[in-house]
Each structure stands twice: as structure tokens, then as C-alpha cells.
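In: Task: produce atomic coordinates for the following.
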Amino acid sequence: MRSPSLLPSRPAATGLLAALLLSGCASNLAPVRSVGEQTQKLSAAAHPMLAGAADSCMAKAMRQQLIMATRFDAQGSELAARQRCVMEEKMSPRLVALNEVLIAYGKVLADSADGKVSSYKEQFKGLGDALKGLEQPGDGAPLLDAGQLSVVIKLAQYMSTLATHRMQKASLRELLAHQQAIDITSNALKNYALNIHLPNLREEAREVDQLRGAVGSMSGTEPLAANYVGTHLYQERKLLAQRQEAAMAYAQAIDAMQQSLAGLATHLDHPQDPQWQAQVDAFAQRVAVLERQAALPSPSRW
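Out: All right, here's what the predicted structure looks like:
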């Protein structure tokens, strides 16, 4: 009588071999997964800054009116503040839409390292129309010109077609072919952080210092009110300093992300290269700093 074989059947052996190969490939691509995950964390940490542009502008305008107006009209002041912050109200959802492209890219990158790809068929509908209105305050110049917008839209369209499992490196190579779109997207967001958001914070800090001086001059006649408002302004000033640090940390994390992705393009066939892994580790460290800086309370409405 023939004894039963201890070896798996051919289909089972084939499946086992495929699983082992995929497991080994996933292990080798762990740094790739890390870049994707850190890109998602970077974008998530930046979301309050990008989504809160209008709220920050409104809080600033209302604070000025509350402290400096002889007779404060809450409804009228809110209406005036909203009219003053029209540009920020238009910009916030567009910045969020641009940030979502970066979040999706990070997700696809991490999923590709694991041999799977998520579907984004519905997420980017109307993205082109939304980003066309993304203008910079002041001269109204577009944050993305027509050529740059076209490149970003092509990336969004590519990610919208992904819904099936693919070979890992083939999928990654396709994704990296859209690297210019990620550079354009992340540079636009960094430009907003450094050249729009950060100067606004610095100007707001100067205004808070002026308001603190004005409130201090009232301490002789209204000591309780002056002390209360002065304490609140002191806390606001500290928060503004921290938000400035967060904006700079965001720009540094964007630079580290771009360096990591550029390194990935040249190290895809040998992702365990120590030099590239050092770039990935540096990126993770920058993101960790950003997450600590960004974990701050939102601007309070006055």
C-alpha cells in the first residue's frame, strides 16, 4: 500500500510558492510602503492648516473688531469679516482637494508595495474645475498654471483607473512615471504654506502684539477686562508662534518627501540600499516633527 505523500498537491504548492514570493517582495519593499505611509501622515497633518484658512482669517478679523471697536456689533462684524475673507473661503476647499491628491498617491504607493491597489474611481470627479480657481491672494495669479494643472489631472485620472491587483514593481514604475505631478502638487502646497500662510501668521502676530499694547493701556480703567483680554491675547500669541513653526516643519517634510520619492525612482530594483533607506528614515523623522507641531488647537473665534 502506497503511503500518503507529505508534499502539498501541485495547486497548493503553486499557491504556497506565490505567497512566499509575494511575502519576500513585500518585505523587500517595506521602505516603499514606509514612504507611502509617511506621505499620508504628512498630508493628514497639513489638513487643518489647509482647511482652516477661512476660519483663521475670520478669527483674526473678529478679534480686531471686538477689541478695537467702540461699539461692537457681532452680526455686522461677522458679515464684514466674511466679506474680507472671501479669497480664503474660496481657497480652502481647493487646497484640500489638492492635498487629497497627495493622500491618494501615498495610499496607492503603500498599497502597491503590498501588491494591491485601491480604487479612486469617484474621488477625483470635478477636480480640474476645482483647481482652476486656485488663485493666490494679492495679484490673483493661479497657484497652478494650465500646464501644471494638466499634469496633476493626468495623475488623478491614472489613479482613478486603478482597481485591480497588479505586479508590484510594474505598478510602482507606472506610479513613479507621474512623479512630476507629485512635485507640482507638493510644491504648490509648500508655496501656500511658506508664501501665503506663514506671512499671514507673522502679520497676525504683529497685530496681536499691537492689540496687547492697546489693551494694556486700558488696565487703569477696566483692570478685570484688560487682564482677561490680555491673557487671551498672550495665549493667542503663543499659538501663532507654534503655528509658524508648524508651517516651516511642513515645508521641510515636503522637501524630505520629494527626496525620498526621487530616491525611490533610482532604487526600485534594490530598495534595501542603505543610502536610500536613510532618506526614508529622514522623511519619517520630519513627518514626526510636523505631527507634533501640528497637534495644536485651532484658532478660537472671538
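In: Please enumerate the helices of the stretch 201-302 of the chain.
Out: 223-267, 274-294 (DSSP state H, counting those that start in this stretch).
In: want to throw the ones you listed into TSV with distance to Q40?
Out: Every C-beta, even on glycine, is put in place using the N, C-alpha and C of the backbone. TSV is the format used below for the helices of the stretch 201-302 of the chain (distance: least, Cβ to Cβ, whole Å):
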stretch	distance to Q40
helix 223-267	11
helix 274-294	10
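In: out of those, nearest to R33?
Out: helix 274-294 (9.9 Å; Cβ to Cβ).
In: Residues contacting the closest one, please?
Out: The set of residues external to helix 274-294 that reach it, using Cβ atoms under 8 Å, 6 or more residues apart in numbering, is 31, 34-35, 38, 41-42, 45-46, 48-49, 242, 245-246, 249-250, 252-253, 255-257, 259-260, 263-264, 266-267.
In: try stretch 247-258
Out: Counting by Cβ under 8 Å, 6+ apart, 35, 38-39, 42, 45-46, 49, 182-183, 186-187, 189-190, 193-194, 197-198, 201, 279, 282-283, 285-287, 289-290, 293-294 sit against stretch 247-258.
In: Any stretches of the stretch 151-300 of the chain with poor pLDDT?
Out: Low-confidence segments of the stretch 151-300 of the chain (pLDDT under 70): 162-170, 296-300.
In: Columns mean neighbour count on top of the helices of the stretch 201-302 of the chain, output as CSV?
Out: Below are the helices of the stretch 201-302 of the chain laid out as CSV (neighbours: other Cβ atoms under 10 Å):
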stretch, mean neighbour count
helix 223-267, 18
helix 274-294, 18
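In: So which of these is nearest A61?
Out: Distances from A61 to each of those were compared using Cβ to Cβ; the shortest belongs to helix 223-267, at 13.7 Å.
In: I figured R82 hits M58, correct?
Out: Yes: here R82 lies in contact with M58, judged by Cβ atoms under 8 Å, at a distance of 6.8 Å.
In: who's more crowded, these two?
Out: With other Cβ atoms under 10 Å as the criterion, R82 and M58 differ in neighbour count, and M58 comes out ahead with 21 against 16.
In: what residues are up against that one?
Out: Going by Cβ under 8 Å, 6+ apart, M58 touches E78, A81, R82, C85, R301.
In: any idea how far the third one is from D73?
Out: Here the criterion is Cβ to Cβ, to the nearest Å. By it, R82 lies 14 Å from D73.
In: element containing the spatially most central residue of the chain, please.
Out: A centroid search over the chain (Cα atoms, centre = their mean) returns S43, at 2.6 Å, as the residue closest to the centre. With secondary structure defined by DSSP states H and E, S43 is part of helix 30-51.
In: mind listing what's buried in the next helix or strand after that helix?
Out: In the C-terminal direction, the helix or strand that comes right after helix 30-51 (DSSP H and E) is helix 53-68. By neighbour count on 16 or more other Cβ atoms under 10 Å, the buried set for helix 53-68 is 53-65, 67.
In: got the residues you listed as TSV, with distance to G216 columns?
Out: Output for the buried residues of helix 53-68, formatted as TSV (distance: Cβ to Cβ, whole Å):
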residue	distance to G216
A53	30
A54	30
D55	27
S56	25
C57	26
M58	25
A59	21
K60	20
A61	22
M62	21
R63	16
Q64	16
Q65	19
I67	12
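In: before we move on, what SS does G115 have?
Out: In the three-state summary, G115 is assigned as coil, counting by DSSP: H, G, I helix; E, B strand; the rest coil.
In: Around it, how many other residues sit close by?
Out: Using other Cβ under 10 Å, G115 has 16 neighbouring residues.
In: And it, how far from V32?
Out: As it turns out, when the distance is counted by Cβ to Cβ, G115 lies 11 Å from V32.
In: All good on my end, thank you.
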